[in-house]
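Asks: what follows is a predicted protein model with its sequence.
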Amino acid sequence: MDLHEKYGLRRIINACGKMTSLSGAKVLPPIAAQASASLGEFYDLDELQEAASEVIARVCGAEAGCVTACTSAGLTEAVAACLTGSDLGKVLKLPECDWGDRRVLIQKGHCVNYGAPITQNIRLAGAEVVELGEVNRTLTEHFVHELEMGGVAAVMHVESHHSVQKGMLDLAAVTALADRYGVPVIVDGAAQDQRVRSLLELGAALVVVSAHKYLCSTTGGIVAGRRELVEAVYLQNRGIGRAMKAGKEAIFGAMAALEYREQEDIAGWTAEQDRKVELVLELLAGIEGLALGVDPDPNGCPFSRAKITPDPAVCGLDVFALNRQLAEGAPSIRLRAHHANEGYLYIDAIELEDDEIRLVCARIRELLSGGQK
């Protein structure tokens, strides 16, 4: 079935990466098969989530886990869990929180918008957001001052390319400070599913990642961490989490994705991504005025992206025009334009096949060479 044709949708060549706006990832065949197999059957969702918890714990090195509608839902439910614990009366009252500890600390450089403000995720649970430091600097003293004041339910820490990459306290420093005061640290690790175990080892109480980015599953979020907090996250399904619940296909998909990851050859996967980046560089070499480079993932995931920096005086197009014209073509080619205002674009080759890489590079060459004429 050609759904593009059936509904009149544009064909997309995804050179941007694992983006929600581009519908996540291509679901891998064994994961799609398991999710599909669940659709014609009934399951006790509590029992199913228990089975998912066992898989999450084993693969991620956590005490327990559960599946949510998405990372965003998982973050709000994680904050709610820190507010309520296992007290059902409090769960039923949220987002009205009129008791004790309701302040959530977050470094100002982590107050990102990933498509929505992360501070809104915190407020949705009924918590009060406390931003620490300045946009380019957070000090230990900022944390200590707020922790000493008391009333802190949790710390939110963002591991993402969206967050400020300098001047912030890293996760190890944040968990060390929070532990002194018995405050749990929640990690927004949406695209960091390859690092869940290491994030937990650094002291995070809860790590929330996406099932539909590098895990290549159906849409869902995975929460991994301390058992009592995971159980409190799942308890939110009897309150505000009811609007954020995961269906059977999301849960089975996440389980299959984690089982696939468990046996995946990550070194081989990385080598394949490196090969595709090299192919991009080879196909774009020799374009006058176009500088090429390779940048690793800023959060330490095991892959790199091709960096292209056109000189508009030579190429005839700046990054904004190049990005726009690629997107407006047929098929629509989407590059990673997060740094366009800094004068460069990324080609993320993870979701690209070789023939798509050739098409993307041919189109770029055509546009930039045409500008020179």
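Replies: Sure, I can see it.
Asks: residue 98: neighbouring residues, count only.
Replies: Neighbours of residue 98 under the rule other Cβ atoms under 10 Å: 8. Where you see a C-beta, it was placed from the backbone N, CA and C, and this is true even at glycine.
Asks: actually residue 243, sorry about that
Replies: Neighbours around residue 243, by other Cβ under 10 Å: 12.
Asks: tell me the phi and psi of it?
Replies: Phi and psi for residue 243, reported as degrees, to the nearest 10, are phi -80, psi 0.
Asks: quick check: it vs residue 77, distance?
Replies: According to Cβ to Cβ, to the nearest Å, residue 243 stands 10 Å off from residue 77.
Asks: looking at the residue lying closest to residue 114 once chain neighbours are set aside now. What's its pLDDT?
Replies: Spatial nearest neighbour of residue 114, excluding adjacent residues (Cβ to Cβ, 6 or more residues apart in numbering): residue 162 at 5.7 Å. In this prediction, residue 162 carries a pLDDT score of 88.
Asks: helix, strand, or coil at residue 162?
Replies: Under the three-state scheme (DSSP: H, G, I helix; E, B strand; the rest coil), residue 162 adopts coil.
Asks: roughly how far apart are it and residue 187?
Replies: 14 Å.
Asks: again with residue 101
Replies: Distance, residue 101 to residue 187, by Cβ to Cβ: 19 Å.
Asks: the more surrounded of the two?
Replies: residue 187 (30 against 15).
Asks: returning to what we had before: my guess is the residue nearest to residue 114 contacts residue 113. True?
Replies: Yes. Contact criterion Cβ atoms under 8 Å: residue 162 and residue 113 qualify, at 7.4 Å.
Asks: neighbour-wise, which of the two wins?
Replies: Higher neighbour count among residue 162 and residue 113: residue 162, with 20 against 10, using other Cβ under 10 Å.
Asks: contacting residues for that one?
Replies: Residue 162 sits next to 112-114 when contact means Cβ atoms under 8 Å, 6 or more residues apart in numbering.
Asks: packing partners for the helix-or-strand element of the chain with minimal mean pLDDT?
Replies: The weakest-scoring helix or strand in the chain, judged by mean pLDDT, DSSP states H and E, is helix 354-372 (a mean of 90). The contact analysis (3 or more Cβ pairs under 8 Å, 6 or more residues apart in numbering; DSSP states H and E) places helix 354-372 against strand 12-15, helix 266-284, helix 312-315, helix 319-328, strand 332-335.
Asks: nearest to residue 21, out of the ones you listed?
Replies: When these are compared by Cβ to Cβ, strand 332-335 sits nearest residue 21, at 8.7 Å.
Asks: can you list the low-confidence ranges for this protein?
Replies: The chain contains residues with pLDDT under 70 at 371-373.
Asks: residue ranges for the strands of it, please.
Replies: 12-15, 64-68, 103-107, 128-132, 152-158, 185-188, 206-210, 221-225, 290-296, 304-310, 332-335, 345-347 (DSSP state E).
Asks: what about stretch 308-323, distance to the chain center?
Replies: In terms of Cα atoms, centre = their mean, to the nearest Å, the centre of stretch 308-323 is found 29 Å from the chain centre.
Asks: mind listing what the residue nearest to residue 351 when sequence neighbours are not counted touches?
Replies: Distances taken as Cβ to Cβ, 6+ apart put residue 14 closest to residue 351, at 4.4 Å, once the chain neighbours are dropped. For residue 14, the contacting residues are 22, 334, 348, 351-352, by Cβ under 8 Å, 6+ apart.
Asks: okay, the helices and strands packed on helix 354-372 in a markdown table with distance to residue 209 next?
Replies: Below are those laid out as a markdown table (distance: least, Cβ to Cβ, whole Å):
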| stretch | distance to residue 209 |
| --- | --- |
| strand 12-15 | 20 |
| helix 266-284 | 16 |
| helix 312-315 | 38 |
| helix 319-328 | 28 |
| strand 332-335 | 23 |
